[in-house]
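**Q** Dropping the sequence and predicted coords here.
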Amino acid sequence: MTTALPSSYPIERIRADFPILGRTVHNGVPLVYLDSAATSQKPRAVVERMSQFYYEEYATVRRGVYSLSQHSTALYEGVRRQAAVFLGAGQPEEIVYVRGVTEGMNLLATAWGRKFLKAGDEVILTRMEHHSNIVPWQMACDVTGATLRMAEMLPSGELDMDNFAAMLNPRTKLISVVHVSNGLGTINPIADITRLAHEVGALVVVDGAQSAPHLPIDVRAMDADFFVCSGHKMLGPTGIGLLYGKLHLLREMDPYQGGGEMIVRVTFGGTTYEEPPYRFEAGTPAFAEVVGLGAAMTYMDEIGRENIEAWDQHILRYCTERMQEIPGMKFYGTAANKSGIVAFRMGDIHPSDIGTILDREGICIRVGQHCLQPVMDYYQVPATARASFGPYTNTNDIDRFIDGLRTVQDLMG
């Protein structure tokens, strides 16, 4: 992807908004955080907004007639409206609060998959899916008798679109695909995927865990039937995420969980359920986290998501070029269109050794299989090391990372 770097991207002001970036570890070593694909750091605006809510505004939502509860409910529903705009949804009722992508996928595999899939139907995933987008659909297929199929990828880490298109047929009922691979950085062509899927009558679920933090999202433009993302990866708190679904599809689905606030009427003879999104939000919700997520989306919009995307591309290019200076460097995921994730190995050095040595230098990266065992099988490696970036990552972080990799090389040969 080619994007113009914003000439006045306020990187130092942004970094000042994240106090943790100024801390030291290991007796005075400055911290370099390059694990944003796992979870992002939080700006002051998010932490302070949640603190204000807890200190001054806290009351349960959708239950109280008193003014404090009504105020809390207004905030809660206000963030739903904000999220609809943030994702490009048509209306707030298409936004369901979930704990994150994992719960969103389990909700869909249960509330849609177990109701509508049957023996002979096919569900297509891709090799590059996170385990949270594989296991729930395996479970749904085991229960319903549907068949799970895997679309292959190319050595570059790109989806093999010819293979994918050839797999589509009238038995295909659903495609669930990652927007940005958490282990390769590949940005999949979602609009093309949905077009091909819809031609055979299949629905498309998009895993936006890694795209929502880095790219402008427009679910209607991509024509996704469902889209899920996690707040903690997009500068927000843990325990909250968003599930978008086209309203007519949500209305066809049964509740995922039973409990308070997802019902209209309960008797021992039967229960009638609320309309979406409330039928999928049983129990007391994570409403303080919703407030924090609203602050995170506001923060991202104030920077400008196009600016975040451009800065991400700038850091990705800079890091990739600098890493090529290291002898024995091998990259995993070299797609032409990718986001700020770099997976690699250095000769025969085990990724765990790379991560451990970098940690002593104050540098945080992720090592392991990244919940991508089918990808590791494809490349025939037990694990990779992964550096991933946020809107607060700067070139000094990358220079420190390169220095750390040279230390690894010196120590491990």
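**A** Structure's in. What do you need? The structure displayed is predicted, hence computed values, not measured ones.
**Q** domains for this structure, by residue range?
**A** Annotated domains of the chain cover 11-40+304-412, 47-301 [automatic domain parsing].
**Q** Format the ones you listed as a markdown table; extra columns: mean pLDDT and mean neighbour count.
**A** For every residue, glycine as well, the C-beta is placed using N, CA and C. A markdown table is the format used below for the domains of the chain (pLDDT from 0 to 100; neighbours: other C-beta atoms under 10 Å):
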| stretch | mean pLDDT | mean neighbour count |
| --- | --- | --- |
| domain 11-40+304-412 | 97 | 18 |
| domain 47-301 | 97 | 20 |
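**Q** give the contact list for Y332.
**A** If you count contacts by C-beta atoms under 8 Å, 6 or more residues apart in numbering, Y332 has them with 157, 183-184, 343-345, 375, 379, 381, 384.
**Q** Show me the residues you listed that map onto helices.
**A** For the contacts of Y332, membership in helices holds for 375, 379, with DSSP state H as the criterion.
**Q** residues contacting A295?
**A** Counting by C-beta under 8 Å, 6+ apart, A295 touches 45-46, 49-50, 236.
**Q** meant to ask about R80, not that
**A** Residues in contact with R80 (C-beta under 8 Å, 6+ apart) are 92, 95, 97, 277, 290.
**Q** mind putting those in a markdown table, distance to G104 and secondary structure included?
**A** As requested, the contacts of R80 are exported to a markdown table (distance: C-beta to C-beta, whole Å; DSSP: H, G, I helix; E, B strand; the rest coil):
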| residue | distance to G104 | secondary structure |
| --- | --- | --- |
| P92 | 17 | helix |
| I95 | 11 | strand |
| Y97 | 10 | strand |
| P277 | 12 | coil |
| V290 | 15 | helix |
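**Q** out of those, who's nearest G241?
**A** G241 lies nearest to Y97 out of the contacts of R80, by C-beta to C-beta, at 7.5 Å.
**Q** All the helices of the stretch 1-150 of the chain, residue numbers only.
**A** Listed in chain order, the helices found in the stretch 1-150 of the chain under DSSP state H, counting those that start in this stretch are 11-16, 44-52, 67-87, 101-108, 114-116, 135-144.
**Q** now do the stretch 151-300 of the chain
**A** Listed in chain order, the helices found in the stretch 151-300 of the chain under DSSP H, counting those that start in this stretch are 161-167, 190-199, 219-222, 247-252, 287-303.
**Q** Select, out of those helices, the one closest to G28.
**A** The closest approach between G28 and any of those, judged by C-beta to C-beta, belongs to helix 287-303 at 30.1 Å.
**Q** Next secondary structure element downstream of the closest one?
**A** Toward the C-terminus, helix 287-303 is succeeded by helix 305-323 as the next helix or strand (DSSP states H and E).
**Q** what angle separates that next one from helix 67-87?
**A** Counting by axes from the mean of the first three to the mean of the last three C-alpha atoms, to 10 degrees, helix 305-323 points 60 degrees away from the direction of helix 67-87.
**Q** who does helix 305-323 touch, helix- and strand-wise?
**A** Secondary-structure packing of helix 305-323 (3 or more C-beta pairs under 8 Å, 6 or more residues apart in numbering; DSSP states H and E): strand 329-332, strand 341-346, helix 395-412.
**Q** Distance from the shortest one to the middle of the chain?
**A** Which is strand 329-332. On the basis of C-alpha atoms, centre = their mean, to the nearest Å, the separation between the geometric centre of strand 329-332 and that of its chain is 23 Å.
**Q** Over to stretch 162-179?
**A** Between the centre of stretch 162-179 and the centre of its chain there are 21 Å (C-alpha atoms, centre = their mean).
**Q** what do you get for stretch 123-133?
**A** Centre-to-centre, stretch 123-133 and its host chain are 14 Å apart (C-alpha atoms, centre = their mean).
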